[in-house]
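# could you look at this predicted model? Sequence included:
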Amino acid sequence: MENSFILAAVALASALLVWPRLSHRVSWRAMITPLASIIGSGFLVLGPILNTSYGKYAPLVMIALCGVAYLFGHAIRYNIAMIATDVSRPKSATKIETLASWMLSFAYVISVTYYLNLLGAFGIRLTPFDTPANARILTSAVFIVILIIGWTRGFLALEKLEQISVGVKLAIITGLLVGMAFYFAERTAQNALLLNPSTLSGWSAVTLGFGLLITVQGFETSRYLGDTYTAATRIRSMKHAQWLSTLIYITYILLLAYVFAPDALDLTETAIIDMMKIVAPILPALLIIAALSAQFSAAIADTSGAGGLIEELTANRLQPRHAYAALVATGLVLTWAADVFQIIAYASRAFALYYGLQAAIAAVTAAKDSHKNLASWWFGFLALVGFTIAVFGRAVEGG
């Protein structure tokens, strides 16, 4: 019966996502890009990590992660609004913006590696070839495919795939939440909910949280949709995307944190598959489908974004395909030199630097207005938070 309800939820969510009255609305189209990025790859790994590391406090950590992300989003929204006013910004803001763009292109390189390593791990998870080496081989093969496509044809032909994968991912996440709600209700009725102790405390718990920032990253994509949407639409859609993703994430963690013992399963990048086998037989296969489509499309989007940024930053001296080659080379080195949890921490640090720089831009821009001294100090503090996360964020120790 649970499988039937899960499939029905997936079907209903899919129908809603393609419903013309929703899919054709400008506000929804502007919101879907940051929303899909925020609840993308992180959704697959975050639940097991928080459950194992923080136990009964996992929902509080989730709230903190989403809260920090929302504050960084506030700084980016302020920058969007200031650019839209056409008021001249301080020269320092322009210089920091260039540095932030370079940092974002570097962050894209690491995030693509993160996406494709998850694709490799999930791609072989339910096969007889489920070993770390085979996962890396699959990841490396997909890197080569991406390089060939980007070098010879570009990624315009794959844009439709990204739109489809967004719908697939959101629909399957809906089914996942329905299945978990059933399982949570069963455990509640059996008086079998768990209050797991945290395995971390103090500074170790904080620095691990720093290393998980990438799992709620993605809202910044609204910053770069100016050719398609107005500033007001982008600001509003980013807020709505962060509100909805926060609701989804907290619901997910609440349903997961009190029904699984943290020592029942090894903490790996695909631990969610073993957890969902217990919830409902159909969920592992659905999660594999979501993972493969979501990771590939996200990798394509960030590879294309990195190429475009580098072309712009070098004033067309470097073509996108040269950036693709550098990205793939770096990604292959990281794939074979680090595990997924280490790559997550590297990506979190890179995005924390980018967010810190965006907050610094907001700080120097606000400082130009004597009526916004308090805002300037606040953005300056937020920049310091971003740089602190970049320095001290650490990786999960997998099982």
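Right, received. Where do you want to start? Residues are numbered from 1 along each chain as shown.

# and Ile137, what's its pLDDT?
Per-residue confidence for Ile137 comes out at a pLDDT of 94.

# I should have written Tyr249 there, sorry.
With respect to pLDDT, Tyr249 has a value of 92.

# the one 5 residues further on too?
For Leu254, the model assigns a pLDDT of 94.

# isn't it right up against Leu60?
No. Distance between Leu254 and Leu60: 10.6 Å, which falls outside the contact criterion (C-beta atoms under 8 Å). (Glycine included, C-beta is placed from N, CA and C.)

# in stretch 294-314, which residues are buried?
For stretch 294-314, a neighbour-count test (16 or more other C-beta atoms under 10 Å) marks 294-311, 313 as buried.

# among those, which are in strands?
In strands, judged by DSSP state E, none of the buried residues of stretch 294-314 are found.

# restricted to helices, list the residues you listed.
294-311, 313 (DSSP state H).

# which helix is the longest one in the chain?
Ranked by residue count, the top helix of the chain under DSSP H comes out as helix 91-123.

# residues contacting the helix or strand that comes right after that one, please?
Following helix 91-123 in sequence order, the next helix or strand is helix 132-152 (DSSP states H and E). With C-beta atoms under 8 Å, 6 or more residues apart in numbering as the test, helix 132-152 has contacts from 116-117, 119-121, 123-124, 155, 157-158, 296, 299-300, 303-304, 307, 320-321, 324-325, 328, 331-332, 335-336, 339.

# swap in stretch 177-185?
Around stretch 177-185, the neighbours that count as contacts under C-beta under 8 Å, 6+ apart are 2, 5-6, 9, 248, 251-252, 255-256, 258-259, 276, 278-280, 282-283.

# narrow those residues to those in helices?
The helices in this structure, assigned by DSSP H, contain 2, 5-6, 9, 248, 251-252, 255-256, 276, 278-279, 283 from the contacts of stretch 177-185.

# next up, the contacts around Ile272.
With C-beta under 8 Å, 6+ apart as the criterion, the residues that contact Ile272 are Leu44, Val45, Gly47, Pro48, Leu287.

# which residue in those residues has the weakest pLDDT?
pLDDT across the contacts of Ile272 is lowest for Leu44, at 81.

# quick one: which helix or strand includes that one?
According to DSSP H and E, Leu44 maps onto helix 41-54.

# by contact count, what packs against that helix?
Contact analysis of helix 41-54 by 3 or more C-beta pairs under 8 Å, 6 or more residues apart in numbering; DSSP states H and E lists helix 58-84, helix 91-123, helix 202-210, helix 231-257, helix 271-279, helix 283-313 as its packing neighbours.

# format the ones you listed as CSV; extra columns: distance to Thr33.
Below are the helices and strands packed on helix 41-54 laid out as CSV (distance: least, C-beta to C-beta, whole Å):
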stretch, distance to Thr33
helix 58-84, 14
helix 91-123, 15
helix 202-210, 26
helix 231-257, 8
helix 271-279, 24
helix 283-313, 9
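
# Trp28: which of these is closest?
Of all the helices and strands packed on helix 41-54, helix 231-257 sits nearest to Trp28, with 8.3 Å by C-beta to C-beta.

# which residues of the stretch 51-200 of the chain score low on pLDDT?
86-87, 155-163 (pLDDT under 70).

# any idea which element the residue nearest to Ser23 when sequence neighbours are not counted lies in?
Excluding its sequence neighbours, the residue lying closest to Ser23 (C-beta to C-beta, 6 or more residues apart in numbering) is Leu17, at 6.6 Å. Element membership of Leu17 [criterion: DSSP H and E] is helix 2-18.

# contact partners of that helix?
If you take C-beta under 8 Å, 6+ apart as the criterion, helix 2-18 is touched by 22-23, 167-168, 170-172, 174-179, 182-183, 279-283, 286.

# roughly how far does Val142 sit from Ala231?
Val142 sits 36 Å away from Ala231 when distances are taken as C-beta to C-beta, to the nearest Å.

# didn't Leu118 look like it was pressed against Val45?
Yes. The pair formed by Leu118 and Val45 meets the contact definition of C-beta under 8 Å, at 7.2 Å.

# shared neighbours, the two?
Any residue near both Leu118 and Val45 by C-beta under 8 Å, 6+ apart counts here, and that gives Glu269, Val340.

# wait, what's in contact with Glu269?
So Glu269 contacts Leu44, Val45, Asn117, Leu118, Ala121, Phe122, Asp339, Val340, Phe341, Gly398 (C-beta under 8 Å, 6+ apart).

# what sits up against stretch 306-324?
Contacts of stretch 306-324 with the rest of the structure, by C-beta under 8 Å, 6+ apart, involve 98, 101-102, 104-105, 108-109, 112, 146-147, 150-151, 154, 303-304, 327.

# let me see the mean pLDDT of it.
Mean predicted confidence for stretch 306-324 is 83.

# end-to-end on that stretch?
Counting by C-alpha to C-alpha, to the nearest Å, you get 8 Å between the two ends of stretch 306-324.

# off-centre distance for stretch 184-202?
26 Å (C-alpha atoms, centre = their mean, to the nearest Å).

# next: stretch 373-386.
Distance of stretch 373-386 from the chain centroid (C-alpha atoms, centre = their mean) equals 24 Å.

# could I get it in CSV with only the CA atoms?
The C-alpha trace of stretch 373-386 is given here as CSV (Å, rounded to 0.1, in the frame of the first residue of the first chain):
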residue,chain,number,x,y,z
ASN,A,373,25.6,52.2,8.5
LEU,A,374,24.0,49.5,10.5
ALA,A,375,23.4,47.4,7.4
SER,A,376,27.0,47.9,6.3
TRP,A,377,28.2,46.6,9.7
TRP,A,378,25.8,43.7,9.4
PHE,A,379,26.9,42.7,5.9
GLY,A,380,30.6,43.0,7.1
PHE,A,381,29.9,40.6,9.9
LEU,A,382,28.2,38.2,7.4
ALA,A,383,31.3,38.4,5.2
LEU,A,384,33.4,37.4,8.2
VAL,A,385,31.1,34.5,8.8
GLY,A,386,31.6,33.3,5.2
